[in-house]
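>>> can you look at this prediction? I've put the sequence above it.
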Amino acid sequence: MKLTRRQWAAVIAPAALPPALVRAQTPSAEEELEAARQHLKANADALAATKVPMAVEPAFQFKA
């Protein structure tokens, strides 16, 4: 597996930080949940705003 310099930096940088800084940057469970809800709502709003013509066929078929 080959890693670029940026990938190595992303892996190594958090390990180099003091533990107090890492804990301070880690969001709480409530914050993560709220961020996920906001992300889901934004995606749902974007999908609802998309106009799909009636001629578009679905990518699946219902068979009995």
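On my side now, so go ahead.
>>> without its sequence neighbours, what residue ends up closest to residue 27?
residue 35 (7.2 Å; Cβ to Cβ, 6 or more residues apart in numbering). (Glycine included, C-beta is placed from N, CA and C.)
>>> would you quantify the distance from the one you found to residue 8?
From residue 35 across to residue 8, the span is 27 Å (Cβ to Cβ, to the nearest Å).
>>> on that earlier part again, what is the neighbour count of the residue nearest to residue 27?
11 (other Cβ atoms under 10 Å).
>>> in the helix or strand that residue 6 is a member of, what's buried?
Element membership for residue 6 (DSSP states H and E) is helix 5-16. Using 16 or more other Cβ atoms under 10 Å as the burial criterion, none of the residues of helix 5-16 qualify.
>>> which other helices and strands contact it?
With contacts defined as 3 or more Cβ pairs under 8 Å, 6 or more residues apart in numbering; DSSP states H and E, helix 5-16 has no helix or strand neighbours.
>>> that helix: how far from the chain's middle?
Computed by Cα atoms, centre = their mean, to the nearest Å, the chain-centroid distance of helix 5-16 equals 20 Å.
>>> do stretch 34-44 as well
Using Cα atoms, centre = their mean, the offset of stretch 34-44 from its chain centre is 10 Å.
>>> what's the answer for stretch 27-46, then?
For stretch 27-46, the distance to the chain centre is 9 Å (Cα atoms, centre = their mean).
>>> so where's the chain uncertain?
Low-confidence segments of the chain (pLDDT under 70): 17, 19-24.
>>> hey, where'd the helices end up in it?
5-16, 19-25, 29-49 (DSSP state H).
>>> would you list those in TSV and tack on distance to residue 62?
Listed next are the helices of the chain as TSV, based on distance: least, Cβ to Cβ, whole Å:
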stretch	distance to residue 62
helix 5-16	43
helix 19-25	47
helix 29-49	21
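>>> for residue 55, find the nearest of those helices.
When the helices of the chain are ranked by proximity to residue 55, the top entry is helix 29-49, at 18.9 Å, counting by Cβ to Cβ.
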